[in-house]
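*Asks:* Below: sequence and its predicted model.
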Amino acid sequence: MDLQPPALVTAIANDCRARGGRALLVGGGVRDALLGRQVADWDLEVYGLSEDALREVLGRHGRVDLVGKSFGVFKLQRGPLVLDVSIPRRDSKVGAGHRGIAVQGDPEMDVVEAARRRDLTINAILVDPLTHEVIDPYHGAADVEARVLRAVDRTTFLEDPLRALRVVQFAARLDFDTAPDLIDLCREAALDELPAERISGEWQKLLLKGVRPSRGLEVARASGILARVFPTVVDDPDSDARLDRLVSVRNALEPEGRRLALMLAAWFDHTPAAGITAAMDRLWLHKWNGYALRDKVLAAVAHRDAPAATDTDLRRLAVRAEPALVLAIRDEPAALARATLLGVATDKAAPLLQGRHLGALGVKPGPAMGKLLDAVYEAQLDGLVTTPDEASLAAKRLLA
């Protein structure tokens, strides 16, 4: 394993050791290192130090924020680097849903017992950043090599129903197989207990980060998650290949809201508008950082079969939906390139004739001005008006 943690991680591990504790790398960073991927997240679990002692150690290295008051989870930031640092914790089911899990930090917990609370074996591998010792009590490294998702423990897995959705998005993001008994566990998860924002977070990872979304949808389908969580979505397995194809297109789009709109519209391709609205309510999705996500998705699905053979077609499509979404889903790169050249790939053409132009011609605001603006804009969409001067001339003709 080529694991080379930042100097900050090594410094914290040394300070913990000097105080009688032990800091271990755990989670997605270790998994990604085993996969030969660039590690983006450096998570540390610290054994043998109390919460107060750990806070004191971390305070020497950067700004520290406590994000898990009852179980000692800290975020340490120094420059652009942000570390998640925690003490081991015990989980116990005390109520329904994701929030019905009582968590208590326990710095004296055994490493094997602490790893048992994790969801998947591939996420339960620990590495000592000072000695590079690998601690793998549940054989996660073998599952990484075999590219398979497997639960660490059947009982602890089912305590948190959100884990079923995590399996779905991990299957898509890692392009891993899913062990049959894990699919059975997902089928038993109490999904009705999950709030919309938690479902939305995992589904966004599937659609925005999945390298092979079809893997996740296959798991969701086989485990009954699709039917239980999104009963209004028409499940079309043919859309799986479309979503996989769109991954490279998705990654080139900006902003992120447009990337999500592309994948949602492709997934909803055969779903009626009312079903799409209900599913997006379930996902708690409306706007996305100012991008009109819901409206864009509904428009792309409604106009997915709109003609796009001519420049006029493309300009008229842009009035109703984003050609960048519609044409990517339809796999029409030539038409999309033409829409981009026309400047209408992501928005309709700006009107060449404005009310102020008509005001200069003596036309007063009102219904008559509106009709005149609409008529000239129709001519612009048809390619009969291409410059502001031509637009003014067309208006004068209509006035005459």
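*Replies:* On my side now, so go ahead.
*Asks:* Could I get the contacting residues of residue 244?
*Replies:* Taking CB atoms under 8 Å, 6 or more residues apart in numbering, we find residue 244 in contact with 212, 213, 214. Using the backbone N, CA and C atoms, a C-beta is placed for each residue, glycine as well.
*Asks:* pLDDT at it, what is it?
*Replies:* According to the prediction, residue 244 has pLDDT 98.
*Asks:* Name the SS class of it, please.
*Replies:* Under DSSP: H, G, I helix; E, B strand; the rest coil, the three-state class of residue 244 is helix.
*Asks:* list the buried ones in the helix or strand containing residue 394?
*Replies:* In this structure, residue 394 sits in helix 388-399 according to DSSP states H and E. Residues 390, 391, 392, 394, 395 are the ones in helix 388-399 that count as buried (16 or more other CB atoms under 10 Å).
*Asks:* The closest residue to residue 73 other than its chain neighbours pairs with what?
*Replies:* Distances taken as CB to CB, 6 or more residues apart in numbering put residue 86 closest to residue 73, at 4.4 Å, once the chain neighbours are dropped. For residue 86, the beta-bridge partners under DSSP bridges are residue 45, residue 73.
*Asks:* quick one on the thing from earlier: kindly indicate which of the buried residues of helix 388-399 lies nearest residue 111.
*Replies:* Using CB to CB, residue 391 is the member of the buried residues of helix 388-399 that sits closest to residue 111, with 73.0 Å.
*Asks:* Surely the closest one is in contact with residue 357?
*Replies:* Yes: with contact defined as CB atoms under 8 Å, residue 391 counts as touching residue 357 (7.3 Å).
*Asks:* give the contact list for residue 379.
*Replies:* With CB under 8 Å, 6+ apart, residue 379 has these contacts: 385, 394.
*Asks:* List the buried residues for the helix or strand it falls within?
*Replies:* Following DSSP H and E, one finds residue 379 within helix 367-381. By neighbour count on 16+ other CB under 10 Å, the buried set for helix 367-381 is 369, 372, 373, 376, 377, 379, 380, 381.
*Asks:* What of stretch 307-326?
*Replies:* For stretch 307-326, the neighbour count (16+ other CB under 10 Å) marks 308, 311, 313-318, 321-326 as buried.
*Asks:* ok, now stretch 181-192?
*Replies:* The neighbour-count check on stretch 181-192 (16+ other CB under 10 Å) flags 182, 183, 185, 186, 189, 191 as buried.
*Asks:* Now the host helix or strand of residue 15: average pLDDT?
*Replies:* Per DSSP H and E, residue 15 falls inside helix 7-18. Average pLDDT, helix 7-18: 96.
*Asks:* Would you list the strands that the helix or strand following it pairs with, along with their directions?
*Replies:* Counting by DSSP H and E, the next helix or strand C-terminal to helix 7-18 is strand 22-26. Here strand 22-26 is paired, per DSSP bridges, with strand 43-47 (antiparallel), strand 126-127 (antiparallel).
*Asks:* Which of the ones you listed sits closest to residue 281?
*Replies:* For residue 281, the closest of the strands paired with strand 22-26 is strand 43-47, at 33.1 Å, according to CB to CB.
*Asks:* all strands of the stretch 51-200 of the chain, in order?
*Replies:* 63-68, 73-78, 81-86, 89-93, 101-105, 126-127, 134-135, 148-149, 177-178 (DSSP state E, counting those that start in this stretch).
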